[in-house]
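In: Here you go, sequence then predicted model.
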Amino acid sequence: MQPSLASRLRMALVMTVFVYPVVTLYLYILMPLTPSWDIWQRSLVLVPFMATTIVMLIVPFIGKRFDAFISGKKPVAV
């Protein structure tokens, strides 16, 4: 079954909230180290770090902590 538009939008929102600070942090680290590089060269270095961070850390964290929100289910009170 394909996820609804609402759940995809909620996933995009949560991903944005978590990915934006990580990208910004990586850019703050990378920019002073590469002042004369073109944007494509910086991207060539940034993208593998960012993709690895998303796949290994951010997506599992979001899946574990925000599953009920993304799927639109009410969290179970314990």
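Out: Thanks, I have the structure now.
In: where does this protein dip in pLDDT?
Out: Scanning the chain for pLDDT under 70 picks out 75-78.
In: 90 instead?
Out: 1-4, 71-78 (pLDDT under 90).
In: Check which helices and strands the lengthiest helix in it sits against.
Out: As assigned by DSSP state H, the longest helix anywhere in the chain is helix 5-33. The helices and strands touching helix 5-33, judged by 3 or more Cβ pairs under 8 Å, 6 or more residues apart in numbering; DSSP states H and E, are helix 39-53, helix 59-65, helix 67-71. Every C-beta, even on glycine, is put in place using the N, C-alpha and C of the backbone.
In: Just name the most buried of those.
Out: Greatest average neighbour count among these goes to helix 67-71 (a mean of 14), per mean count of other Cβ atoms under 10 Å.
In: Count the neighbours of residue 22 for me.
Out: 15 (other Cβ atoms under 10 Å).
In: got the helices and strands packed on helix 5-33 as JSON lines, with distance to residue 25 columns?
Out: Formatted as JSON lines, the helices and strands packed on helix 5-33 follow (distance: least, Cβ to Cβ, whole Å):
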{"stretch": "helix 39-53", "distance to residue 25": "10"}
{"stretch": "helix 59-65", "distance to residue 25": "16"}
{"stretch": "helix 67-71", "distance to residue 25": "24"}
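In: Can you say which of these is nearest to residue 14?
Out: helix 59-65 (5.4 Å; Cβ to Cβ).
In: what packs against that closest one?
Out: If you count contacts as 3+ Cβ pairs under 8 Å, 6+ apart, helix 59-65 packs onto helix 5-33.
In: Quick check: buried residues in the helix it packs on?
Out: Neighbour counts over helix 5-33 (16 or more other Cβ atoms under 10 Å) mark 10-11, 14-15, 18-19, 26 as buried.
In: Taking helix 39-53 as reference, get the angle to it.
Out: For helix 5-33 against helix 39-53, the angle by axes from the mean of the first three to the mean of the last three Cα atoms, to 10 degrees is 130 degrees.
In: in what helix or strand does residue 73 lie?
Out: Counting by DSSP states H and E, no helix or strand carries residue 73.
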